[in-house]
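J.: structure, please.
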Amino acid sequence: MSPTDIQYEGSNPKLKNLQQKTPAAAAKANGHKAVSKELRKAERLFAKYNKPNVKNPNAPWAIRLYDWALYHELALRNIFATMDRGDGTVTKEDFAAILMEKNVPMQEEEMPALMTAHDKARTGVIDINEFFKGTKYLEKVYLMSSYLPKKKKGKKAKRGKKGKLDIPIPICTLPEQYIIRREDGGPPEFMIESFKTFTDRNRFSRDNPPEHPLQDDSAWYLEKPEKVYTNINYAAKAEDMQSLKKAFFQGVPVNIHDKFFTTPLMAACADGNFTLAKYLVETKYV
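T.: Residues are numbered from 1 along each chain as shown. This next block holds a predicted model:
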């Protein structure tokens, strides 16, 4: 376990080994000055938050969330991009739905604290880059950016000729006032319900399926799983046929587009998925 891990996981950095040396003392004795320095920081932090009536502002769920978000950053950014409002932000509802869909390691009752940290002005939106930075819900000592090498400031270059002005071109997105939600107040139609296997895993599994569909009576005694919605184009890219078929059966048009005017067929063709593209063209819901 590294010094950062000891500090990050909340372990006691003052525990001694068989030679009665703390990790910091052992590191110093072996000539690891940089390691010893970080361990001293961990000792001070541990002592600070273990005093009576002192609350640690770095909640365990926040530490787990930051670690998980960094590990899954690429996948999460791809999903957030489908719901981006065009300025690097997503609505609080979409943000929470995406995290819950990806099995975020935190309880549902802890979600409001995360929302409040990112939306103190109560604008109803979350900045994606701020979320991955972690500065809104964790102290600097827990952030990866604190341990990256600092860039040296170079000398100022001589003033040259003015270059061409690059004018940013806005992405064409569907205005929010035209995004119609479901009649029950649910998400827009292009956010479809993710298919979930609803069966008693203690009785049936992939290796031990029911002999007949009527034999599986799990629905009579199990609680119905909570609905989780995903962008229809994300489902198309993931080739989630079960979710797509369920959406089309419920009446969702196969040629529906999301806020970026992208349809499932466009997503399938972009991925070179001939089988899915053929299914979408041939389906009777076109």
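J.: run a quick neighbour tally on Ser205.
T.: The local packing of Ser205 (other C-beta atoms under 10 Å) involves 10 other residues. Yep, even glycine has a C-beta here, placed from its N, CA and C like the rest.
J.: I should have written Tyr229 there, sorry.
T.: Count around Tyr229 with other C-beta under 10 Å applied: 21.
J.: Ile180 too?
T.: Count around Ile180 with other C-beta under 10 Å applied: 8.
J.: who are the contact partners of it?
T.: Pro188, Glu189 (C-beta atoms under 8 Å, 6 or more residues apart in numbering).
J.: let's number from 445 now, not from 1
T.: Noted, 445 is the first residue going forward, which turns the last one into Ile624.
J.: sketch out the low-pLDDT regions of this structure for me.
T.: Within the chain, the ranges that satisfy pLDDT under 70 run 445-455, 492-494, 498, 595-611, 728-730.
J.: can you map out the strands along it?
T.: 533-535, 569-571, 635-637, 673-675 (DSSP state E).
J.: ends of stretch 691-699, how far apart?
T.: Start-to-end span of stretch 691-699 (C-alpha to C-alpha, to the nearest Å) is 12 Å.
J.: how far is it from where the chain is centred?
T.: Put simply, stretch 691-699 sits 27 Å off its chain's centre (C-alpha atoms, centre = their mean, to the nearest Å).
J.: run through who's touching it.
T.: Residues contacting stretch 691-699 (C-beta under 8 Å, 6+ apart): Glu633, Ile636, Glu637, Ile676, Ala679, Thr707, Pro708, Leu709, Leu724, Thr727, Tyr729, Val730.
J.: ok, how many other residues are close to the residue nearest to Tyr673 when sequence neighbours are not counted?
T.: Leaving aside its sequence neighbours, Tyr673 sits nearest to Met635 (C-beta to C-beta, 6 or more residues apart in numbering; 4.2 Å). Neighbour count of Met635, defined by other C-beta under 10 Å: 26.
J.: ok, back up a step: from the contacts of stretch 691-699, keep the buried residues only.
T.: Glu633, Ile636, Glu637, Ile676, Ala679, Thr707, Pro708, Leu709, Leu724 (16 or more other C-beta atoms under 10 Å).
J.: sorry, back to before: ok, so of the contacts of stretch 691-699, who is nearest Met559?
T.: Among the contacts of stretch 691-699, Glu637 lies closest to Met559 (C-beta to C-beta), at 23.1 Å.
J.: that's all I had, so thanks and see you.
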